[in-house]
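A.B. asks: Give me coordinates for this.
(chains A and B)
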Amino acid sequence: MNAPENQLVVERASLSYGDRSIVTDLSLALPEGGVTVIVGANACGKSTLLRAMARLLRPTGGRVLLDGRDVHTIPTRQLARRLGLMPQSPIAPEGIVVADLVARGRHPHQGPFGRWTTADEAAVAAALEATGVSDLADRPVDELSGGQRQRVWIAMALAQETSVLLLDEPTTYLDLAHQIEVLDLLARLNAERGTTVAMVLHDLNLAARYADHLVALRAGRVVAAGTPADVVTEDIVEEVFGLPCMVVADPVTGTPLVVPR
Amino acid sequence: MSTLPVALVGGRRRRASRRRRMLALLGLLVALAFAASLMIGHTLYGPVDVIRVIVGQDVPGASFTVGDLRLPRAALGLLAGVAFGMGGVTFQTMLRNPLAAPDVIGISSGASAAGVFGIVVLGLSGPAVSLVAVVAALGVALLIYVLAWRDGVVGSRLVLIGIGVAAMLDSVVSWVLVRASQWDLQAAMRWLTGSLNAASWELVVPLLVVLLFAVPVLLAQARPLELLQLGDDAAAALGVRVERTRLIVIVSAVLLIACATAAAGPIAFVAFLSGPIAARSVGPGTSLLVPAGLVGALVVLSADQLGQWALGTRYPVGVITGALGAPFLVYLLARTHRSGGSL
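C.D. replies: Next up, the predicted model:
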């Protein structure tokens, strides 16, 4: 169960908000250095699961392990140096410029007096470079387009220099071209930096295209997990989304492509 | 990795140097306003006389006027201004809404209502009144927070609830005042209009003690507070202990506001004005605690001078800040409604 190649492991977790149970007895593992995508219908518990993985929600049962250690026993800052999260709708303070926002990703690495070091500056520069927003460094975040803004938030998470990066619907509110741009960026970062990526996505076809490991949820339970080819079948899609469909090979990538009937 | 982009470093240096310049300027203006408060009055005293009084030499005439009247008054203005400015901007930053200032959302009203109630109905006086006011302000902050809570707190909902709570508390004040005797009315007035007229060392020293405790605590939370602006989840993911930070910050800010109100009354709109003015001067992206404290001190000290000497009749400082602050409130309401922006 706790194989060394799984960096983040969810062990029989039950999650709830107040007395409303969202996820029950769910187990899941993120392969190290892989891209895991979590899919499922609305309100199936995807975001809740991601929040629990990032320690924003304490499981009522079971636990979440990072490199074999329960995340709730890891000090907050130390965890933030190893595990990053891009929430669904982060808020940029009014007027803040890109470089300053991305610099906030360095918080867990800074000492008590918050001295800005060359290492911090280098991490910010690398993050801006990797996400292609170096030219925007001095621009206020409010003035950017949706796609640019999303890249800036990813840059902030990169500046955090964690080995695991969780993203909650990083493509929401973006048009198709920008969705592809963001996902290509994440795939490249995963390939170049070896960052373990896990994200929630709405679009099943994009999920199948970019995932190494796909997890399908329904009503707070894992219906199927494995390679996109294993998970995206006509039966499973119907079970998870209640959508009768055909699955064909994506003419570009060969990954499964869902065509609703 | 060894060569850093020049533009990136340059941009950061430029913003940092603007901030330093503006902080120095604000500090200088506060020092000038403080000095002016000591020198200007019915009798003008030069800087030499003022300094001699401060270092404890006996200067005929000046020793009483400057040492016993003007110095406590200026010190009270300075400290109350810093307290209102910092306390106000803390709430505005935490709730990401400039309207969420303690004097708009009822926290100052809570202190006032409790103060007046303590004097008129309970017959309290001195430190007991302050204590009641601090407890009431904390209670009101908690009440507003609980009422606004629904899977987290949204600034705009908290502001609306706060305005409602403020209206209720103001009616408590009116009710108490109707029952008050002439004598109590005098004492109660300080809780209603901000004024430095009653300034004395007995008011200044306790406020100074509270500031020496609360300001460092708040400054230590400057960074987590900035990160909270990104949203609770984003802040937590960056290693901020969200609930702990929020608790520390709320208690310190309420303490500042309540104690300043106890000493100088709810000097209208200072808590509300300081943050936005500070944001416009030092620029976005850094902590506003220190600049807002300086702006608060500057506003109180200069409004007090204006009220005393510029208008023929002597007006309490709260009348001046109220007259300046109200139009700004209307402006911010109109603008916020259009853009939904923060500070």
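
A.B. asks: Tell me where the stretch 1-150 of chain A has helices.
C.D. replies: Remark: helices assigned in the stretch 1-150 of chain A by DSSP state H, counting those that start in this stretch are A:46-53, A:76-80, A:98-103, A:118-130, A:146-159.

A.B. asks: Tabulate those helices (TSV), appending mean neighbour count, mean pLDDT and distance to chain B.
C.D. replies: Every residue, glycine included, has its C-beta placed from N, CA and C. Below are the helices of the stretch 1-150 of chain A laid out as TSV (neighbours: other Cβ atoms under 10 Å in any protein chain shown; pLDDT from 0 to 100; distance: least, Cβ to the nearest Cβ, whole Å):
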stretch	mean neighbour count	mean pLDDT	distance to chain B
helix A:46-53	24	92	7
helix A:76-80	18	92	3
helix A:98-103	26	94	4
helix A:118-130	19	91	5
helix A:146-159	24	91	8
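
A.B. asks: quick one, which of these is nearest to A:Leu201?
C.D. replies: helix A:46-53 (8.8 Å; Cβ to Cβ).

A.B. asks: So which elements touch the one helix or strand B:Thr321 maps to?
C.D. replies: Using DSSP states H and E, B:Thr321 falls within helix B:317-339. Helix B:317-339 sits against helix B:270-282, helix B:289-305, with contacts defined as 3 or more Cβ pairs under 8 Å, 6 or more residues apart in numbering or on different chains; DSSP states H and E.

A.B. asks: Highest mean neighbour count out of those?
C.D. replies: Burial of the helices and strands packed on helix B:317-339 is given as mean neighbour count (mean count of other Cβ atoms under 10 Å in any protein chain shown); helix B:289-305 ranks first at a mean of 28.

A.B. asks: Next, the angle from it to helix B:270-282.
C.D. replies: 120 degrees (axes from the mean of the first three to the mean of the last three Cα atoms, to 10 degrees).

A.B. asks: What is the neighbour count of the spatially closest residue to B:Val300 that is not a sequence neighbour?
C.D. replies: Nearest residue to B:Val300 in three dimensions, chain neighbours excluded: B:Gly81, at 3.5 Å (Cβ to Cβ, 6 or more residues apart in numbering or on different chains). If you count neighbours by other Cβ atoms under 10 Å in any protein chain shown, B:Gly81 ends up with 32.

A.B. asks: do you know how far B:Gly81 is from chain A?
C.D. replies: 25 Å (Cβ to the nearest Cβ, to the nearest Å).

A.B. asks: right, and that residue touches B:Leu298 too?
C.D. replies: Yes. Under the criterion of Cβ atoms under 8 Å, B:Gly81 makes contact with B:Leu298 at 7.0 Å.

A.B. asks: Extract the residue ranges of the chain that are flagged as low pLDDT.
C.D. replies: Let's take chain A. For chain A, the stretches flagged by pLDDT under 70 are A:1-5.

A.B. asks: Switch to chain B, please.
C.D. replies: The low-confidence ranges in chain B, as defined by pLDDT under 70, are B:1-3, B:151-153, B:336-343.

A.B. asks: hmm, back to that, CSV for the helices and strands packed on helix B:317-339, including distance to A:Arg81?
C.D. replies: Shown next, in CSV, are the helices and strands packed on helix B:317-339 (distance: least, Cβ to Cβ, whole Å):
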stretch, distance to A:Arg81
helix B:270-282, 30
helix B:289-305, 26
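
A.B. asks: tell me the phi and psi of the most centrally placed residue in chain A?
C.D. replies: Of all residues in chain A, the one closest to the mean position by Cα atoms, centre = their mean is A:Leu167, 2.3 Å from it. In terms of degrees, to the nearest 10, the main-chain angles of A:Leu167 are phi -130, psi 130.

A.B. asks: Where does the closest residue to it other than its chain neighbours sit, in terms of helix or strand?
C.D. replies: Distances taken as Cβ to Cβ, 6+ apart put A:Met199 closest to A:Leu167, at 4.0 Å, once the chain neighbours are dropped. A:Met199 is part of strand A:196-200, with elements assigned from DSSP H and E.

A.B. asks: So what's the gap between that strand and the chain middle?
C.D. replies: 3 Å (Cα atoms, centre = their mean, to the nearest Å).

A.B. asks: and what of stretch A:230-241?
C.D. replies: For stretch A:230-241, the distance to the chain centre is 22 Å (Cα atoms, centre = their mean).

A.B. asks: Any buried residues in it, and which?
C.D. replies: Under the neighbour-count criterion of 16 or more other Cβ atoms under 10 Å in any protein chain shown, stretch A:230-241 has A:Val231, A:Val232, A:Glu234, A:Ile236, A:Val237, A:Val240, A:Phe241 buried.

A.B. asks: Tabulate these in a markdown table, adding columns for secondary structure.
C.D. replies: Formatted as a markdown table, the buried residues of stretch A:230-241 follow (DSSP: H, G, I helix; E, B strand; the rest coil):
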| residue | secondary structure |
| --- | --- |
| A:Val231 | helix |
| A:Val232 | coil |
| A:Glu234 | helix |
| A:Ile236 | helix |
| A:Val237 | helix |
| A:Val240 | helix |
| A:Phe241 | helix |
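
A.B. asks: Do you have the strands of the stretch 151-261 of chain A handy? List them.
C.D. replies: Remark: strands assigned in the stretch 151-261 of chain A by DSSP state E, counting those that start in this stretch are A:164-168, A:196-200, A:213-218, A:221-226, A:245-249, A:256-260.

A.B. asks: Sounds good, over and out.
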